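> Could you look at this predicted model? Sequence included:
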Amino acid sequence: QVQLAESGGGLVQAGGSLRLSCAASGRTFSSYVMSWFRQAPGKEREFVAVIYWNGARTYYANFVKGRFTISRDSAKNTVYLQMTSLKPEDTAVYYCAAGSSYGLGVSEYDYWGQGTQVTVSS
C-alpha cells in the first residue's frame with residue numbers, strides 16, 4: 001500500500017505560480033511512477049505530468065508544456081509540481097497518483113491522493 005497526501009494548492013492570480021507537493025508513505029516510493037492529474041468541475045480527470053522511477057524521464061500534457069515542471073525527491077518521498085504562468089483554465093482539483101508502469105491514463109494508477117484545490121483568478 002502507498003498513501004499519498006497532496007498540499008500546496010490555493011488561490012492565485014493569473015500569471016502567478018504555485019508549487020504542489022505530494023508526500024508518499026508506505027511501500028518503496030522509488031519503485032513507483034508518479035503522476036499529477038487534475039479535474040475541473042463537470043469534466044473528467046485528465047493527465048498533467050508524469051515522472052519515471054528514477055526521475056530520468058518526464059512527460060507533460062501539451063497544455064502545460066513550458067509552464068509546469070514535475071520533479072521528485074526520493075530522499076523525502078515527495079513529488080512536486082511547479083506551476084508557473086497559471087491561467088484561469090488551470091483551475092481544478094489536482095491529484096497525485098502512483099503506479100507500477102509508465103502511463104497517461106487514470107486506470108493505470110493504483111494509488112491516489114485526496115486532491116488539492118487550485119484556483120486561478122483572472
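Right, received. Where do you want to start?

> Need the residue closest to the centroid of this protein.
The centre of the chain sits closest to Trp36, judged by CA atoms, centre = their mean, with a distance of 2.4 Å.

> Ala97 and Ser35 touch, don't they?
Yes: in this structure, Ala97 is within contact of Ser35 by CB atoms under 8 Å, at 4.8 Å. To be clear about C-beta, it is placed using only N, CA and C from the backbone, and glycine gets the same treatment.

> Please enumerate the shared neighbours of those two.
Jointly contacting Ala97 and Ser35 under the rule CB atoms under 8 Å, 6 or more residues apart in numbering are Tyr109.

> circling back to that earlier point, element containing the residue nearest to the centre of the chain, please.
strand 33-39 (DSSP states H and E).

> Next, the buried residues of the helix or strand just after that strand.
Moving toward the C-terminus from strand 33-39, the next helix or strand (DSSP H and E) is strand 46-51. Within strand 46-51, the residues that count as buried by 16 or more other CB atoms under 10 Å are 47-51.

> do stretch 21-40 as well
For stretch 21-40, the neighbour count (16+ other CB under 10 Å) marks 21-24, 29, 32-38 as buried.

> Tell me which two in those residues are the farthest apart.
The distance between the two most remote of those (CB to CB) is 21.7 Å, for Phe29 and Arg38.

> Now do the same for the closest residue to Thr78 other than its chain neighbours: its pLDDT.
Once flanking residues are discounted, Thr78 sits nearest to Ala23: 5.3 Å by CB to CB, 6 or more residues apart in numbering. Model confidence at Ala23, given as pLDDT, is 94.

> For Ala23, give me its contacts.
Taking CB under 8 Å, 6+ apart, one finds 4-5, 7, 76-78 in contact with Ala23.

> Closest one to Tyr102 out of those, please.
Using CB to CB, Leu4 comes nearest to Tyr102 of the contacts of Ala23, at 17.6 Å.

> Tell me if I'm right that the closest one and Tyr94 touch.
No: here Leu4 does not reach Tyr94: they are 11.8 Å apart, not a contact under CB under 8 Å.

> low-scoring stretches of this structure, by residue?
27-29 (pLDDT under 70).

> quick one: the strands in it?
Taking DSSP state E as the test, the strands found in the chain are 2-7, 10-13, 18-26, 33-39, 46-51, 58-60, 68-73, 78-83, 92-99, 111-112, 116-121.
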